[in-house]
Every structure is written in structure tokens, then in C-alpha cells.
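> let's see this in three dimensions:
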Amino acid sequence: MNEQKVALITGIFGQDASYLSELLLSKNYKVIGTKRRASTENPWRIEHLLNNKNLIIENGDVTDFSNMLHLIDNYRFHEIYNLAAQSFVAASFDEPLHTFEVDAIGPINILEATRVIQRNTNHIIKYYQASTSELWGDQFDTVYDNDGNVLYNYQDENTEMNPQSPYAVAKLAAHKMTQLYRNAYGMFCCCGILMNHESPRRGEEFVTKKISKYVGRVYKEIKKMGLLQMSNEEKTSIITNKIGKLQLGNLSASRDWGHSRDYMLAAWQMLQQDIPDDYVICTEETHTVEEFLKLAFSEIGVNNYMDFVNINSKYMRPAEVLFLRGRCTKAKEKLKWKANITFRDLVKDMVIYDCK
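Sure, this is the predicted structure:
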């Protein structure tokens, strides 16, 4: 009879952790999820899993080495997925020290604790580090046609990294340290360089969730109006006077947006390989914030979406990343992975959820 695998997921209350927990529990893993000792975060994303006997929630602080060492020694995990992070880019400019402590020092604590336990017990532990497309910053590579014309730009595992935020700098430190532990100590460590990935469980501080939640509010106001005979301009005026306008920053920023459920499958697949490696996970498509906005409003039959929006300089980044589009050839070939949920279906999924 096969031994039941035991996995650690740090940051268990997050979006990605909720989908990864569902996946691992469906494969009969025992899942140990950590939350910060003083955390008041609502566990709504995993509420439907809390009665599962294979899910255990522990207090765990990635910035506390002794805490991580005790936890890993106690459970002797087969797999560790480090998803704990201060992951909001804008907040990292306001809280650079806290961001670096959680996003850089935290992973080093886990890696070192894992190394010590493996050295003392010969028990193999596979480690997954959640890296980010923000590592590339303003860098990309280019594909040209035979006449030297640009076909498209992209980022992959070989693209130069030039982070443009405290968040990205901290994540790059963790990314490089994960590679170092793999190369220096022969540990099974993988980095998943994930492009932007969203879902109905996305945090409300992120632009995609801001849009879908606002669209849900507009939808509810339209339903209240029923069949009242008035122009779109009149409806828009009434709604925006009641709930205000949607405050957004740069609408032309382009992102490669996928669904968290797809991307967590890729994270799991990385740790099922015989040889550890780093992988870019993406859809290989790019869409602007305005495209997301337009599509979200179209889901509720509203075409004059810009009438609901105010461009606010408060939401402009000090150093903006304008373009992200991944190329995941390695993941397709080695992991046999591809994104299954389209951009349109992602937007629809989020809007339907927030309309409910």
C-alpha cells in the first residue's frame, strides 16, 4: 500500500493555496496549511475544506526560522509549497522592509530548515517556490520574421530579470536562493515563474478583482431599476452617483492572465518530475487592463464602460511594468501542461461570482 503523501502549504488562506489544497486533497494527500499566529484573515477561500480530515491548519510564520524547523521536523513533509507572501506590488512600495522579510527571508528560512532536516534524516523533501512574472520588470525578448520585422515580444526562463518594485526584488532574491540550494546542496527545489493568475478568489486589492466586484455592484443596481424607461446616460448617472466611479490606474498595461486553478496544477506537476527545474507558467497571450474592463462590463450587457471609470494617479506605480507575455515551451514539453481556461472564461468566471 502506498504511503500517504504529506504536503505543507504556507499561506493557506490565499487564492493559490485554496486551489492547490483542493487538488492535493483530491489526490489523498494530507495537507498541513500554515497561517500567521496573529492572523485575522478570513479563511473563506478554504471554508468548504475545513471539515476534511486530511486538512490541518497550523500556526506558522515563515519569518521565524525555529518555527519552520520545528514544523518540518514534526511532519517530515514529502512536498513543501511556499505560497506565503506579501504579494501586492503597490503595497511593497509602502512596506519594503516587511515585504523583503516575508518574500525573501521567509523562503530562505524554509530552505535552510529543509536542508537541515534532510541532512539529519535522509528524508527527501521536494520544495516549490512561488516566483513571479514581476521578476522580469521591463525586460523581454523578441521574435522577428525573415525581414527583421517584430512578430512578438515574450518572456521565458532565459529572459533577463530586472525587477521594478520592492516586491519583485524580494521575489528575485528568493528565486536565486532556491536555485542556489538546488545547485549547492542537490536539493529538489523548483521555481514556478507564474504570470498573472486570477480567479473569483482573488484579493480585492488586485485590479482584476476590483473590476469584477465593481461590475457586480453595477449589475445589482441595474436589476433594481428593472424595466424603467431611461437612457444609458441616465442609468449610468444614477448608478455612479450612488456607488461612485471605479478608480483605476494605467489601462494600457498588458498582462498575460490565466486562472489560478490551472496554474496550481502546474505547480504540483513540477514536484512530480524526476529532475527539479524552473518553469514559466502562462497562457502565451497578452491583454490590457482595458480589455479586461471592457469584457467584464460586456458580461452584464453594458457597452459604455468608460463612463463608469475614473483614471486616478493614486493607482499609478512609481515604476510601471507595461508588458508581460510569457512563453511556456518548457512546461508544455516537460510537464505536458497547458492553460485550459481562456481569458474570456476567466473574466466570465469572476464576473458571475461577483454578480451573485
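> just the strands from the stretch 151-300 of the chain, written as ranges.
Ranges of strands within the stretch 151-300 of the chain are 189-194, 197-198, 246-248, 254-255, 258-259, 279-281, 287-288, based on DSSP state E, counting those that start in this stretch.
> which of those strands has the lowest mean pLDDT?
If the strands of the stretch 151-300 of the chain are sorted by mean pLDDT, strand 254-255 sits at the bottom with a mean of 90.
> what's in contact with that strand?
Contact with strand 254-255 is made by 195, 196, 286, 287, 288, 289, 322, 323, 324, 325, as judged by CB atoms under 8 Å, 6 or more residues apart in numbering. Backbone N, C-alpha and C define where each C-beta goes, glycine included.
> repeat that for stretch 106-115.
Residues outside stretch 106-115 that contact it (CB under 8 Å, 6+ apart): 10, 62-65, 68-69, 71-73, 80, 82, 84-85, 125, 127, 129, 174, 177-178, 181, 185, 187, 189.
> in strands, which of the residues you listed fall?
Within the contacts of stretch 106-115, residues falling in strands by DSSP state E are 10, 80, 82, 127, 129, 189.
> which of the residues you listed count as buried?
Taking 16 or more other CB atoms under 10 Å as the criterion, what is buried in these is 10, 80, 82, 127, 129, 189.
> let me see the contact set for the fifth one.
Taking CB under 8 Å, 6+ apart as the criterion, residue 129 is in contact with 82, 107, 174, 175, 178, 189, 190, 191, 192.
> packing partners for the helix-or-strand element of the chain with minimal mean pLDDT?
The helix or strand of the chain with the poorest confidence is strand 150-154; it has a mean of 87 (mean pLDDT, DSSP states H and E). Judged by 3 or more CB pairs under 8 Å, 6 or more residues apart in numbering; DSSP states H and E, strand 150-154 is in contact with strand 141-144.
> sheet-wise, list the partners of the strand it packs on with their directions.
Within its sheet, strand 141-144 is paired with strand 150-154 (antiparallel), according to DSSP bridges.
> what about the helices in the stretch 101-250 of the chain?
Ranges of helices within the stretch 101-250 of the chain are 106-121, 166-185, 207-225, 232-243, based on DSSP state H, counting those that start in this stretch.
> packing partners for the shortest one?
What that stands for is helix 232-243. Here helix 232-243 touches helix 207-225, going by 3+ CB pairs under 8 Å, 6+ apart.
> distance from the helix it packs on to the middle of the chain?
23 Å (CA atoms, centre = their mean, to the nearest Å).
> and residue 12, how many neighbours?
Neighbours of residue 12 under the rule other CB atoms under 10 Å: 29.
> now it: how far from residue 5?
17 Å (CB to CB, to the nearest Å).
> over to residue 130?
19 Å.
> these two: which is more packed in?
residue 130 (27 against 16).
> once you drop chain neighbours, what's closest to residue 239?
Using CB to CB, 6 or more residues apart in numbering and skipping residues adjacent in sequence, the residue nearest residue 239 is residue 221, 4.7 Å away.
> give me the pLDDT for that neighbour.
For residue 221, the pLDDT comes out at 93.
> hang on, it packs against residue 244?
No: counting by CB atoms under 8 Å, residue 221 sits too far from residue 244 to count as a contact (11.6 Å).
> once you drop chain neighbours, what's closest to residue 5?
What sits nearest to residue 5 in space, not counting adjacent residues and going by CB to CB, 6+ apart, is residue 78, at 4.5 Å.
> are any of the contacts of stretch 106-115 buried, and which?
Here, 16+ other CB under 10 Å leaves 10, 62, 64-65, 68-69, 71-72, 80, 82, 84-85, 125, 127, 129, 174, 177-178, 181, 187, 189 buried among those.
> alright, calling it a day.
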